[in-house]
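Chemist: For reference, the sequence and a predicted model appear below.
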Amino acid sequence: MTSRKIEILVGLFVAAAMAAFFMLAMNVSNMSSYNGGEKYELTARFDNIGGLKVRSPVAAGGVRIGRVTDIQYNSDTYEAIVSIAIDEQYNKFPIDTAASILTSGLLGEQFIGFEPGAEEEFLKQGDVIDLTQSALVLEQIIGQFLYSKADEE
Amino acid sequence: MIFALKGKSLFNSLIDRIQHVGAATIHSFQRLGHASVFLLEVIASCTSLLTRPLLLVKQLHSVGVQTLIIIVVAGLFVGMVMALQSYYALIDFGAEDSVGVMVALSLMRELGPVITALLFAGRAGSALTAEIGLMKATEQLSGMEMMAVNPMQRIVAPRFLAGVISMPLLATIFSAVGIIGAYLVAVELLGLDSGAFWSQPQNKVDLYLDLYNGIIKSLVFGIVATWIAVFEGYDCIPTSEGLGQATTRTVVHSSLAILFLDFVLTALMFTK
């Protein structure tokens, strides 16, 4: 085989690998949802985060607007401290916005839902969300239900 | 045997056993040391390829391009089988839309790098060992040294570098083709929704954690598999029997090394 032919084949090989990489990056991974990366950080305190994880989505009205970046436990206040990164384009949430931990579907993954408030001032980098609602823990609900049933009888 | 049992004492035969174990241990550590020095020499010789890129291109062809067919075919079928199997497992929970994310994650994190490396060791690694070993057996390597051509720079370095470059490329192609195979089965054959097939991975698969770590894995496998292949060839006993043994060792040792390293790398990368 001539060296020209070999070089063409090697070139095609490398090009195919590049194409495969871009297909994986664009079509399969979450790179398409990185959109620039301009973000601002918020913190929210929850009594119970249920199954929330780092990288869980944050949504408002069902639209994904950010991600959970960090979860810590504060042993002084006995609360979970959840750090959230919100895309910069969604920077008009009032400071009395409520954050609650919701579940997509009955057994789906958990995410943080934002419910906008009515204040004039907007949340900005480093702010803390005070109005939070913890995750519903299925075992506790079932336990309470059985308990109230037993009471009736 | 009777002699040993009878008289000259059980003790002596026990000592013999222990000696065998000790000799084998020392021998394997010696080989490991040789192989490490050899690896450093190879890496140092790679700089000479800057002046002779054509040598590298030729090896990329025989190591990379000629392995491509088996990688593409294997990737396609692995993806298709995974889609079928995970569909049957997930349909019981009504979660059959997750076939895409399941196949994508397992391909990019594990199966892509590992199966590619195993096929690579069998297809390209054994060929490298046989080629270099035959050059040694027919004294081409010593002939080169006589002509003041360094066989490390001329023969070993281009093959090593070509293997290291090819592995991540092949693993990426394997994963991509596997996902296309899974798409064909899941969407075209089983009738899943193509939107759900693509959107679930886009939510779950992380560019850095999953795609980049898979590529780092395959790079490590490429270094180890090619290193073992060229070392076994360069170090083989230059007889037809020795060459056969060296080729076998290449495939066995690199497969075991790949599977072991996969465990170590997975433990390092994906556990928190």
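Modeler: It's in.
Chemist: what's the burial count for residue B:203?
Modeler: Neighbourhood size, residue B:203 [other C-beta atoms under 10 Å in any protein chain shown]: 15. To be clear about C-beta, it is placed using only N, CA and C from the backbone, and glycine gets the same treatment.
Chemist: Touching, it and residue A:28? I think so.
Modeler: No - applying C-beta atoms under 8 Å, one finds residue B:203 not in contact with residue A:28, separated by 10.8 Å.
Chemist: ok, now which ones touch the spatially most central residue of chain A?
Modeler: In chain A, the residue lying closest to the centroid (C-alpha atoms, centre = their mean) is residue A:57, at 1.9 Å. Shown in contact with residue A:57 (C-beta atoms under 8 Å, 6 or more residues apart in numbering or on different chains): A:64, A:66-68, A:111-112, B:203.
Chemist: Output those in a markdown table; the columns should cover secondary structure.
Modeler: Below are these laid out as a markdown table (DSSP: H, G, I helix; E, B strand; the rest coil):
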| residue | secondary structure |
| --- | --- |
| A:64 | strand |
| A:66 | strand |
| A:67 | strand |
| A:68 | strand |
| A:111 | strand |
| A:112 | strand |
| B:203 | helix |
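Chemist: coming back round to it: torsion angles phi and psi at the residue nearest to the centre of chain A?
Modeler: Note on residue A:57: backbone dihedrals following degrees, to the nearest 10 are phi -70, psi 160.
Chemist: Over to residue B:138?
Modeler: The phi and psi torsions at residue B:138 (degrees, to the nearest 10) take the values phi -90, psi 10.
Chemist: so what's it up against?
Modeler: By C-beta under 8 Å, 6+ apart, residue B:138 lies in contact with nothing.
Chemist: Against residue B:243, how distant is it?
Modeler: Distance, residue B:138 to residue B:243, using C-beta to C-beta, to the nearest Å: 10 Å.
Chemist: Check residue A:122 too.
Modeler: Taking C-beta to C-beta as the measure, residue A:122 falls 74 Å from residue B:243.
Chemist: more neighbours, the two?
Modeler: Neighbours were counted for residue A:122 and for residue B:243 using other C-beta under 10 Å; residue B:243 has more, 21 against 12.
Chemist: Against which helices or strands is the helix or strand harbouring that one packed?
Modeler: Per DSSP states H and E: residue B:243 is located in helix B:240-270. With contacts taken as 3 or more C-beta pairs under 8 Å, 6 or more residues apart in numbering or on different chains; DSSP states H and E, helix B:240-270 sits against helix B:112-120, helix B:126-137, helix B:213-235.
Chemist: in chain A, which spans are strands?
Modeler: For chain A, the strands defined by DSSP state E cover A:39-46, A:57-60, A:63-74, A:79-87, A:98-103, A:110-115, A:128-129, A:132-133.
Chemist: Show me what the residue nearest to the centre of chain A is bridged to.
Modeler: residue A:67 (DSSP bridges).
Chemist: Might you enumerate the residues of chain B proximal to chain A?
Modeler: Proximity of chain B to chain A (C-beta under 8 Å from any C-beta of the partner chain) is limited to residues B:54, B:57-58, B:60-61, B:64-65, B:68, B:104, B:108, B:168-170, B:172-173, B:175-177, B:179, B:198, B:201-207, B:210-211.
Chemist: For PyMOL, write the selection for the buried entries among these.
Modeler: In PyMOL syntax, the buried subset of these is picked out as below (16 or more other C-beta atoms under 10 Å in any protein chain shown):
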select buried, chain B and resi 57+58+60+61+64+65+68+104+108+168+169+170+172+173+175+176+177+179+198+201+202+204+205+206+207+210+211
